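# Show me how the following folds:
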Amino acid sequence: MTRRQRRLQEKRQRHGRPAKGRQLAVGAGATVGATLLMGGVANAANITVDSLADAPDPGHTTLRDALHTINTSPPADSHITFASGLSGTINLNSELAINYPVSIQGPGAGQLAISGQDSSRTFYLEGLTNGFDVSISGLTLSHGKAIGTGNDRNGGAIFNYNADLVVSSSVLTLNTAAGTSGTSGGFGGAICSCDVPGGSLTILNSTLSGNTATSSGGAVYSDYAPLSIDGVTISGNKARSGGGGLSIYNPNGPSAVKNSTIAGNALTESDREGGGVYSYMNASGIRFEGVTISGNSADHGGGIYFSNEPGSIPIVLHNSIVANNSAGVDGPDLFGPFDSAFSLIKSTANAAVTDSVPGSDIIGQDPQLGALAANGGPTQTMKPALTSPAIDKGAAFGLTTDQRGSTRPIDIPTIPNSGAPGADGSDIGAYELPSNVFKIKKVKERKVVLVLPSAGEVQVTDAKSKKRSADATVSKSKKSLKRSQKSGGPGKLKVKLILTKAAAKKLRQVGKLKLKAAITFSPTGGWPATKKAKLKLKQ
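You can find the predicted model right below:
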């Protein structure tokens, strides 16, 4: 069977229409802060969950209680929050249904988790109308498992049939989408927006790691739904047949991945495509902007595999790094047609890459990326070395921050920009090195006051150097300052000036002292910069 035949077969197999109005029959007991109208419909519901239980907890409100209240007496505007101090894990015995608009606002992914206990999916979203609004934030969704036939096997943590779903500031990890014996595998280890007739998927400032799909889309499978990903790390996920991290199937509307890192994802079966990203069909446009794709693996298209079917248009790469991925057969970084600008692509083997801004792409060079790590911001990133060819060689394309939320672009004055039209000194990829441009504000009480653009270290030394002897082999400095240093920032930072004995004596005798100082600011993870300044001290 050819790869094209196999894809068409999987398309026929993966969909099974969900039952309309799927709900869970649970007991009442939710506390609803709303004024009910005639007919049992509320203007608004603000429900506070104060229990980690899944079954009814007398005198308390569980998450299942809250969603049951909304699903059976739907208000126009529903919000679910969690009681202050509530932390731990809600262990589900079965999936939670969401049938009407709701926002679920958790206290933080590090404080509260919802677990499917490796036997149940977490959330099932299906409304009576297409495009109903659902937002989920500040939670960890883990150990969800979708297993069965049809759509019951898709979306280990979340299955979205027709909602406009936004997932933000969350962690989705160790979830599984799997089929039962005798069926094809599951799609979307963490999230599946599958066969969506009128919804969308947006993921913001979140981490999707260690999820598994026994078919396609180790972390996310987006099928027909418009997709938007911003500030997200997709790492260490696995799929069997396509898209170890992300699988995008013929989006019904423009889709974009911005300021994100896709790293260390893989496929578990040979002769399969798209270690990091797999895309089948692209008639509406898919863009990757300010993205780093590295360390993914597959037999075909280690970084991104794009199946160029009739009616498709090339995937767009803007200011992105695609490098150091691997393929057992062909296309270590890319496979298929791409339009690229201001991007660093280490290997273009088996890819047709059109440089849409002539001379802007960097081909065949190593971006010198560090390992995935906590480099600031809500998600892990891959920081380029100070000697990386990606530094200051890009263009922001309208982005004002990097994945960490730091300002973009930051143009380091000592590093030449790309000579291509539109270059603005942005760093290529998801990480923008911090600015080293600082201000010397004043001297006060033997301290120099600086204004720093970001966190880092400041070192102050004496800039004056004179020979004390005519002998050229003897070079000793007549200094007034000893070295001092301090860490801090951003904002104001005071660094103590440590005088030599001779300078301190002169200051006491004369009442004033002029110094020449060399002040070096080394931003955390960035290039150091040095300024020389004349400082005046008064007794």
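# Would you agree residue 156 falls within a helix?
No. Under DSSP: H, G, I helix; E, B strand; the rest coil, residue 156 sits outside any helix and is assigned coil.
# Could I get the pLDDT score of residue 311?
Per-residue pLDDT puts residue 311 at 85.
# Quick check: it vs residue 345, distance?
25 Å (Cβ to Cβ, to the nearest Å). Just so you know, the C-beta spots here come from the backbone N, C-alpha and C atoms, and that holds for glycine as well.
# These two: which is more packed in?
Just comparing residue 311 and residue 345: by other Cβ atoms under 10 Å the higher neighbour count belongs to residue 345, 25 against 9.
# The more buried one is in contact with residue 362, isn't it?
Yes. The criterion here is Cβ atoms under 8 Å, and residue 345 meets it with residue 362 at 7.5 Å.
# anything in contact with each of those two?
In terms of Cβ atoms under 8 Å, 6 or more residues apart in numbering, residue 345 and residue 362 are not both contacted by any residue.
# On the three-state scheme, residue 103 is what?
From three-state DSSP, the assignment for residue 103 is strand.
# burial measure for the closest residue to it other than its chain neighbours, as a count.
Excluding the flanking residues, the one nearest residue 103 by Cβ to Cβ, 6 or more residues apart in numbering is residue 135, at 4.4 Å. Residues near residue 135, counting by other Cβ under 10 Å, number 18.
# for residue 118, same thing?
14.
# Retrieve the pLDDT associated with it.
97.
# Residue 118: what's it in contact with?
For residue 118, the contacting residues are 143, 145, 176, by Cβ under 8 Å, 6+ apart.
# try 7 Å this time
With contact taken as Cβ atoms under 7 Å, 6 or more residues apart in numbering, residue 118 is in contact with 143, 145.
# Could you look up the SS state of it?
Residue 118 ends up coil, using three-state DSSP.
# and residue 67, that one's in a helix?
Yes. Checked against three-state DSSP, residue 67 lies within a helix.
# The closest residue to residue 53 other than its chain neighbours and residue 328, how far apart?
Closest residue to residue 53 apart from its sequence neighbours, by Cβ to Cβ, 6+ apart: residue 62 at 5.1 Å. Using Cβ to Cβ, one gets 48 Å for the distance from residue 62 to residue 328.
# same question, residue 104
In terms of Cβ to Cβ, residue 104 sits 41 Å off from residue 328.
# same question, residue 494
Counting by Cβ to Cβ - residue 494 and residue 328 are separated by 57 Å.
# Those two: who's more crowded?
Neighbours were counted for residue 494 and for residue 328 using other Cβ under 10 Å; residue 494 has more, 18 against 15.
# What residues does the more buried one make contact with?
So residue 494 contacts 447, 449 (Cβ under 7 Å, 6+ apart).
# Now it: which helix or strand?
Assigned by DSSP states H and E, residue 494 belongs to strand 491-496.
# same thing with residue 279?
strand 277-280.
# and that strand, C-alpha only, in PDB?
Extracted in PDB, the C-alpha atoms of strand 277-280 (Å, rounded to 0.1, in the frame of the first residue of the first chain):
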ATOM      1  CA  VAL A 277       4.800  18.100  12.500                       C
ATOM      2  CA  TYR A 278       2.700  16.300   9.900                       C
ATOM      3  CA  SER A 279       0.400  18.200   7.600                       C
ATOM      4  CA  TYR A 280      -1.900  16.700   5.000                       C
END
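# And the average pLDDT for it is what?
95.
# and what of stretch 225-234?
On average, stretch 225-234 scores 95.
# Given the stretch of helix or strand residue 147 belongs to, what are its sheet partners and their directions?
Residue 147 is part of strand 145-148 when elements are defined by DSSP H and E. Strand 145-148 has its sheet partners listed here by DSSP bridges as strand 176-179 (parallel).
# need the longest strand for this structure.
Determined from DSSP state E, the single longest strand within the chain is strand 512-523.
# That one relative to strand 491-496, how many degrees between them?
130 degrees (axes from the mean of the first three to the mean of the last three Cα atoms, to 10 degrees).
# oh, and call the first residue 10 from now on, that's how I've got it
That works, and once the first residue is 10, the last one we named lands at strand 521-532.
# so how far is strand 521-532 from its chain's centroid?
39 Å (Cα atoms, centre = their mean, to the nearest Å).
# Repeat that for stretch 205-213.
17 Å.
# center of this protein, which residue is that?
A centroid search over the chain (Cα atoms, centre = their mean) returns residue 241, at 1.8 Å, as the residue closest to the centre.
# got a list of what that one touches?
Per Cβ under 7 Å, 6+ apart, neighbours of residue 241: 212, 215, 217, 269, 388.
# ok, now with 6 Å
Residues in contact with residue 241 (Cβ atoms under 6 Å, 6 or more residues apart in numbering) are 212, 215, 269.
# my read: the second one touches residue 179, true?
Yes. Between residue 215 and residue 179 there is a contact at 4.7 Å, judged by Cβ atoms under 6 Å.
# Regarding stretch 202-218, how distant is the last residue from the first?
18 Å (Cα to Cα, to the nearest Å).
# Check whether residue 171 really touches residue 208, as I assumed.
Yes. The pair residue 171 and residue 208 qualifies as a contact (Cβ under 6 Å) at a distance of 4.4 Å.
# so after the strand holding residue 288, what's the next helix or strand?
strand 295-298.
# Using CSV, write out every CA atom in that next one.
Extracted C-alpha coordinates of strand 295-298, given in CSV (Å, rounded to 0.1, in the frame of the first residue of the first chain):
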residue,chain,number,x,y,z
ILE,A,295,-0.4,27.3,7.5
ARG,A,296,2.2,29.6,9.0
PHE,A,297,5.1,29.0,11.4
GLU,A,298,6.4,32.3,12.8
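# so who does the closest residue to residue 223 other than its chain neighbours touch?
In space, not counting the residues next to it along the chain, residue 223 is nearest to residue 194; the distance is 3.1 Å by Cβ to Cβ, 6+ apart. Residues in contact with residue 194 (Cβ under 6 Å, 6+ apart) are 188, 223, 224, 249.
# Phi and psi next, for the second one.
Backbone torsions for residue 223, taken as degrees, to the nearest 10, come to phi -80, psi 0.
# Check what pLDDT it gets.
Reported pLDDT for residue 223: 94.
# my read: it touches residue 251, true?
No. Contact between residue 223 and residue 251 fails when scored by Cβ under 6 Å: they sit 11.8 Å apart.
# Neighbours of residue 94, how many?
So residue 94, with other Cβ under 10 Å, has 8 neighbours.
# Pretty sure it sits in a strand.
No. According to three-state DSSP, residue 94 belongs to no strand; its state is coil.
# hmm, back to that, what about the residue nearest to residue 223, which SS state?
Quick answer, by three-state DSSP: residue 194 is coil.
# give me the number of residues near residue 517?
10.
# How many residues are close by residue 286?
Neighbours of residue 286 using other Cβ under 10 Å come to 33.
# what's the answer for the one 10 residues further on, then?
Around residue 296 there are 17 other residues, counting by other Cβ under 10 Å.
# From residue 359, how far out is it?
Distance from residue 296 to residue 359, by Cβ to Cβ: 21 Å.
# Contact partners for residue 376?
Per Cβ under 6 Å, 6+ apart, neighbours of residue 376: 330, 332, 353, 393, 397, 399.
# PyMOL command for the buried members of the contacts of residue 194?
To isolate the buried ones among those in PyMOL, judged by 16 or more other Cβ atoms under 10 Å, type:
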select buried, resi 188+223+224+249
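# Let's have the contacts of residue 194 in a markdown table, adding distance to residue 384.
Output for the contacts of residue 194, formatted as a markdown table (distance: Cβ to Cβ, whole Å):
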| residue | distance to residue 384 |
| --- | --- |
| 188 | 38 |
| 223 | 33 |
| 224 | 33 |
| 249 | 32 |
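# which one of the contacts of residue 194 sits closest to residue 67?
Using Cβ to Cβ, residue 188 comes nearest to residue 67 of these, at 38.9 Å.
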